[in-house]
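> any chance you could fold what I've pasted below:
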Amino acid sequence: MMKVDKDKCIGCGLCVNDCFLKDIELVDKKANIKNVTCIKCGHCIAVCPKDAVTTDEYNMEDVKDYNKEEFDIDANNLLNFIKFRRTIRQFKNKDVEVDKLSKIIEAGRFTQTGSNSQNVSYIVVRDNIDELKSMTLERLSQMGKHILSNLNPQTMPIKKYADMWVNMYDAYKEDKVKGDSLFFNAPVVILVVSDSPVNGALASSNMELMTNALGLGTFFSGFFVRAAQGNKKIMDYLGLEEGKEVVTCMVIGYPDIKYSRTVPRKDAQISWR
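Residues are numbered from 1 along each chain as shown. Sure thing, here's the model as predicted:
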């Protein structure tokens with residue numbers, strides 16, 4: 001429940017004006033939160049100049065007062081940071097610290113979700129990464145063989161992937177280190193899980209920025225997501241509830257490669273109306 005400290009409230013009405021769902025009103029010149037249509041987005045907590053609004057549903061220690069030095073980012077630096085990011089597939093033989101993984105997940109936790117549903121969760125795989133890797137590669141090989149034995153005009157466009165999946169598993173069985181073209185010997189993966197692909201993808205994008213800011217590298221394994229979809233063995237292994245899906249698989253580690261510059265991209269297609 002959202003609460004207002006009447007002693008602190010000065011009745012400025014900022015929270016009333018900023019409440020999209022109109023769940024706040026002024027009563028006797030004090031803010032009154034009805035908690036009827038409220039979705040606990042926290043805008044009232046953030047906008048109040050007197051820190052008069054709290055909630056008993058979340059940890060109020062998460063709240064930090066704004067200060068320019070810690071909160072502002074130069075726009076040009078941010079754009080260059082985004083341009084410089086690269087997908088990493090070469091990793092050092094070095095574990096990733098738990099506190100860094102926690103910060104990556106924090107970046108996802110504080111990412112916006114539709115209707116403030118906060119319906120994104122995370123699975124961190126470290127100790128059992130080899131087991132998950134083997135399971136996934138075996139599944140991809142099975143999928144590839146099925147496609148190759150049932151080629152038709154619809155499956156021909158993905159024949160190259162079918163061949164790749166079969167070869168990936170064969171190479172892995174031959175040499176589990178040199179043949180790892182799924183996770184590329186990275187020490188950890190974070191699976192972003194949700195029943196909303198949009199919310200999961202938004203969280204993943206911010207998590208990638210945090211990953212790079214921490215001096216780590218990542219790539220999104222679409223092959224893993226493809227293998228996990230509808231596969232009971234993998235889903236059960238991960239302990240996923242019905243209705244939950246792996247939106248992204250972030251393969252994370254310390255980069256064993258150094259890039260010296262950004263790369264070009266297609267011009268943006270923009271339609272001004």
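> need the three-state assignment for R86.
coil (DSSP: H, G, I helix; E, B strand; the rest coil).
> residues contacting it?
217, 259, 263 (C-beta atoms under 8 Å, 6 or more residues apart in numbering). Every residue, glycine included, has its C-beta placed from N, CA and C.
> try it again with 10 Å
212, 217-219, 255, 257, 259, 262-263 (C-beta atoms under 10 Å, 6 or more residues apart in numbering).
> among those residues, who's most crowded?
For the contacts of R86, the largest number of neighbours (other C-beta atoms under 10 Å) sits with T218, at 29 neighbours.
> over to I45. Which of the three states is it?
Following three-state DSSP, the label given to I45 is helix.
> and the residue lying closest to it once chain neighbours are set aside, backbone torsions?
Leaving out its chain neighbours, the residue that sits closest to I45 by C-beta to C-beta, 6 or more residues apart in numbering is V53, at 4.7 Å. Dihedral pair for V53: phi -110, psi 130, per degrees, to the nearest 10.
> show me what V53 is bridged to.
When bridges are called by DSSP bridges, V53 pairs up with V4.
> quick one: it from T37, how far?
16 Å (C-beta to C-beta, to the nearest Å).
> same check on Q229?
As judged by C-beta to C-beta, Q229 and T37 stand 36 Å apart.
> next one: K22
From K22 across to T37, the span is 7 Å (C-beta to C-beta).
> ditto for N76
With distances taken as C-beta to C-beta, N76 is found 40 Å from T37.
> just the mean pLDDT for the longest strand seen in the chain, thanks.
Ranked by residue count under DSSP state E, the longest strand found in the chain is strand 245-253. Mean per-residue pLDDT for strand 245-253: 98.
> tell me, how many residues neighbour S149?
S149: 9 neighbours (other C-beta under 10 Å).
> wait, isn't it in contact with A162?
Yes: counting by C-beta atoms under 10 Å, A162 is a contact partner of S149 at 9.4 Å.
> give me the common contacts of those two.
Counting by C-beta under 10 Å, 6+ apart, the contacts common to S149 and A162 are T155.
> and L240, that one's in a helix?
No: assigned with three-state DSSP, L240 falls outside any helix and is coil.
> can you tell me the closest non-neighbouring residue to it?
Spatially, and ignoring its direct neighbours in sequence, L240 is nearest to V193 (6.5 Å; C-beta to C-beta, 6+ apart).
> show me what contacts the one you found?
With contact set as C-beta under 10 Å, 6+ apart, V193 has these partners: 119-123, 200, 203, 228, 238, 240-241, 244-248.
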